[in-house]
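A.B. asks: pasted the sequence and its predicted model underneath.
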Protein chains: 2
Amino acid sequence: MAALDVQALVFDVFGTVVDWRSSITDEGQAFGDRLGVSADWASFADAWRGRYQPSMEAVRSAKRAWAKLDDLHRESLVELLDEFSIHGIGETDIDHFNRAWHRLRPWPDSVPGLTRLRTRFPLATCSNGNVALLMNMARNAGLPWDAILGAEPARAYKPLPEVYLRTADFLGFEPQQVMLVAAHNDDLMSAAAQGLRTAFIARPHEYGPNQSIDLRAEHEFDYVASSMEDLADQLL
Amino acid sequence: MAALDVQALVFDVFGTVVDWRSSITDEGQAFGDRLGVSADWASFADAWRGRYQPSMEAVRSAKRAWAKLDDLHRESLVELLDEFSIHGIGETDIDHFNRAWHRLRPWPDSVPGLTRLRTRFPLATCSNGNVALLMNMARNAGLPWDAILGAEPARAYKPLPEVYLRTADFLGFEPQQVMLVAAHNDDLMSAAAQGLRTAFIARPHEYGPNQSIDLRAEHEFDYVASSMEDLADQLL
């Protein structure tokens, strides 16, 4: 790896840094307890995340104008409440539940691993989350980002090439000087196609106990790690 | 002030948070000592900063395409080296001197004041500096930004309205929920015209011993402070 000239690390966030499924499930449970409604909140979390790619695809394909992930999440939430036969929820409660994505919990190794990595590299997000979502999440969870970058500043959703290229450009580096850290094979392959370096971190429980995809690195990435701490061990 | 609903603070950086003039003067001295050239480096710093507004005006008026401040700074530097009869400097040395703007030193009250303010408010830049410049400065100086925003993500230079409005939008707030902190009356008036709240911090030595502008708040701002620590005293 001595030939690599990595100057900055950028991170996928949902699934790679934070555990969206258990966080949203717990937020759903709290929402239900408070408002007196019941549901299978893990299924609700899966269904909410299931609408993630289709909602962004409408923007990517220019079927609709640019919209922040907060707004896409909220549209999906309103549809899902209806689908789960949860009626009569007020706007303020819907807003609060929607902002559960601002309160996602990090995997246990994320903060210590990132804190170590930051001693050598600038760290930025390269996420489809909007700036406010990622910034509030970072303040809440203690994620030590040097910059909040990704879809909203680039005004394009991953895996469109502009997100990776504009993120590297914002950081002042060539694509090959920037390494994307992600738990998703396809995200890393899209970044590699734009010249970025790649580090896979296995998150075999991101999708719950029956996860069937992204259990392991399926391509030749520059680094393959079992956790953020393991990546720090390899890079520092 | 009880009626204000300030949810986030955004900051002008050059002059407000960091002391560009003494930093660039010292960097010029070090550059000169290393390369065996002499100049009045305080005058050089003033001349470099003097080209700041004209260089951005070419972008603001669309006489030229978008260009990062790093690139505008470098064009000005090359012209100034010639003007100061400093010849034969290599590209690497020019690049290093140009990145002196990434290494500007904070005023003594900036880091302690910002650190206190961050306990209550999200803090972001709202600067004409590009993301890499501001991020590297923050890492070097220990500035605790939650997000690096301003001209480059907004793709417009202050005082154009888009910079203030897009910065508030990135943060997920209405303009009136965001307060600009700046040492410059005109920057604050431009922000106020877009609905932002305003806090003036006096920096009476920004332009050196003979400063004649921005010695005091010249308009009705929401807050007027003598330092970042004083602003923290007033807001916390």
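C.D. replies: Ah, there it is.

A.B. asks: how far out from the middle of the chain is the host helix or strand of A:Pro153?
C.D. replies: Element membership for A:Pro153 (DSSP states H and E) is helix A:151-154. A distance of 13 Å separates the centroid of the chain from that of helix A:151-154, by CA atoms, centre = their mean, to the nearest Å.

A.B. asks: other SSEs contacting that helix?
C.D. replies: With contacts taken as 3 or more CB pairs under 8 Å, 6 or more residues apart in numbering or on different chains; DSSP states H and E, helix A:151-154 sits against helix A:161-171. Using the backbone N, CA and C atoms, a C-beta is placed for each residue, glycine as well.

A.B. asks: next structured bit after the helix it packs on?
C.D. replies: strand A:178-182.

A.B. asks: mind giving me the packing neighbours of that following strand?
C.D. replies: strand A:8-11, helix A:161-171, helix A:185-193, strand A:197-201.

A.B. asks: the last one to strand A:178-182, inter-axis angle?
C.D. replies: Note on geometry: by axes from the mean of the first three to the mean of the last three CA atoms, to 10 degrees, strand A:197-201 and strand A:178-182 are set 20 degrees apart in direction.

A.B. asks: sheet-wise, list the partners of whichever helix or strand comes after strand A:197-201 with their directions.
C.D. replies: As assigned by DSSP H and E, the chain's next helix or strand after strand A:197-201 is strand A:223-225. Sheet pairing of strand A:223-225 (DSSP bridges) gives strand A:197-201 (parallel).

A.B. asks: and the partner strand, how far from the chain's centre?
C.D. replies: Worked out by CA atoms, centre = their mean, strand A:197-201 lies 14 Å from the chain centre.

A.B. asks: before we move on, back to that, can the helices and strands packed on strand A:178-182 go into TSV with extra columns for mean neighbour count and mean pLDDT?
C.D. replies: Below are the helices and strands packed on strand A:178-182 laid out as TSV (neighbours: other CB atoms under 10 Å in any protein chain shown; pLDDT from 0 to 100):
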stretch	mean neighbour count	mean pLDDT
strand A:8-11	26	98
helix A:161-171	23	98
helix A:185-193	20	98
strand A:197-201	25	98
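
A.B. asks: flag the shaky bits of chain A, pLDDT-wise.
C.D. replies: Flagging of chain A using pLDDT under 70 yields the residue ranges A:1-2.

A.B. asks: how is it partitioned into domains?
C.D. replies: By the assignment in automatic domain parsing, chain A contains the domains A:8-19+A:106-235, A:21-102.

A.B. asks: the last one vs chain B: in contact?
C.D. replies: Yes. Contact between domain A:21-102 and chain B, assessed by CB under 8 Å from any CB of the partner chain, occurs at A:Asp70.

A.B. asks: still on that earlier bit, can you say which of the domains of chain A is packed in most?
C.D. replies: Looking across the domains of chain A with neighbours counted as mean count of other CB atoms under 10 Å in any protein chain shown, the highest average goes to domain A:8-19+A:106-235: a mean of 21.

A.B. asks: now do that domain: distance from first to last residue.
C.D. replies: Using CA to CA, to the nearest Å, the gap from the first to the last residue of domain A:8-19+A:106-235 comes to 12 Å.

A.B. asks: look up phi and psi at A:Asp95.
C.D. replies: Dihedral pair for A:Asp95: phi -60, psi -40, per degrees, to the nearest 10.

A.B. asks: for B:Ala156, see how far away it is.
C.D. replies: According to CB to CB, to the nearest Å, A:Asp95 stands 30 Å off from B:Ala156.

A.B. asks: go on, A:Asp222?
C.D. replies: Taken as CB to CB, the span from A:Asp222 to B:Ala156 is 36 Å.

A.B. asks: same question, A:Val111
C.D. replies: 35 Å.

A.B. asks: out of the helices and strands packed on strand A:178-182, nearest to B:Ser127?
C.D. replies: helix A:161-171 (13.8 Å; CB to CB).

A.B. asks: put the alpha carbons of that closest one into PDB.
C.D. replies: Extracted in PDB, the C-alpha atoms of helix A:161-171 (Å, rounded to 0.1, in the frame of the first residue of the first chain):
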ATOM      1  CA  PRO A 161     -20.200  10.600 -10.300                       C
ATOM      2  CA  GLU A 162     -20.500  14.300  -9.300                       C
ATOM      3  CA  VAL A 163     -20.900  13.400  -5.600                       C
ATOM      4  CA  TYR A 164     -17.500  11.700  -5.400                       C
ATOM      5  CA  LEU A 165     -15.800  14.200  -7.700                       C
ATOM      6  CA  ARG A 166     -17.100  17.300  -6.100                       C
ATOM      7  CA  THR A 167     -16.400  16.000  -2.600                       C
ATOM      8  CA  ALA A 168     -12.800  15.500  -3.500                       C
ATOM      9  CA  ASP A 169     -12.700  18.900  -5.200                       C
ATOM     10  CA  PHE A 170     -14.100  20.600  -2.100                       C
ATOM     11  CA  LEU A 171     -11.400  19.000  -0.100                       C
END
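
A.B. asks: helices or strands next to it in the packing?
C.D. replies: Packed next to helix A:161-171, using 3+ CB pairs under 8 Å, 6+ apart, are strand A:8-11, strand A:123-125, helix A:151-154, strand A:178-182, helix A:185-193, helix B:131-141.

A.B. asks: ok, and what's touching that helix?
C.D. replies: Applying CB atoms under 8 Å, 6 or more residues apart in numbering or on different chains, the external contacts of helix A:161-171 come out as A:7-8, A:10, A:122, A:124, A:126, A:128, A:147, A:149-151, A:153-158, A:174-175, A:177-178, A:180, A:190-191, A:193-194, A:196, B:130-132, B:135, B:152-153.

A.B. asks: run the last query once more with 6 Å
C.D. replies: Residues outside helix A:161-171 that contact it (CB atoms under 6 Å, 6 or more residues apart in numbering or on different chains) are A:8, A:10, A:126, A:149, A:151, A:154, A:156, A:175, A:178, A:191, A:194, A:196, B:131-132.

A.B. asks: before we move on, what about stretch A:143-153?
C.D. replies: With CB under 6 Å, 6+ apart, stretch A:143-153 has contacts from A:114-115, A:118, A:122-128, A:130-131, A:134-135, A:138, A:157, A:163, A:167, A:170, B:135, B:147-148, B:153.

A.B. asks: run the last query once more with 7 Å
C.D. replies: Applying CB atoms under 7 Å, 6 or more residues apart in numbering or on different chains, the contact partners of stretch A:143-153 are A:10, A:17, A:68, A:106, A:111, A:114-115, A:118, A:122-131, A:134-135, A:137-138, A:157-158, A:163, A:167, A:170, B:131, B:135, B:138-139, B:147-148, B:153, B:170.

A.B. asks: equivalent analysis for stretch A:81-101, please.
C.D. replies: A:23-24, A:27, A:31, A:35, A:37, A:39, A:44, A:70, A:73-74, A:77-78, A:133.

A.B. asks: show me the contacts for A:Ala156.
C.D. replies: Listed by CB under 7 Å, 6+ apart, the contact partners of A:Ala156 are A:Glu162, A:Val163.
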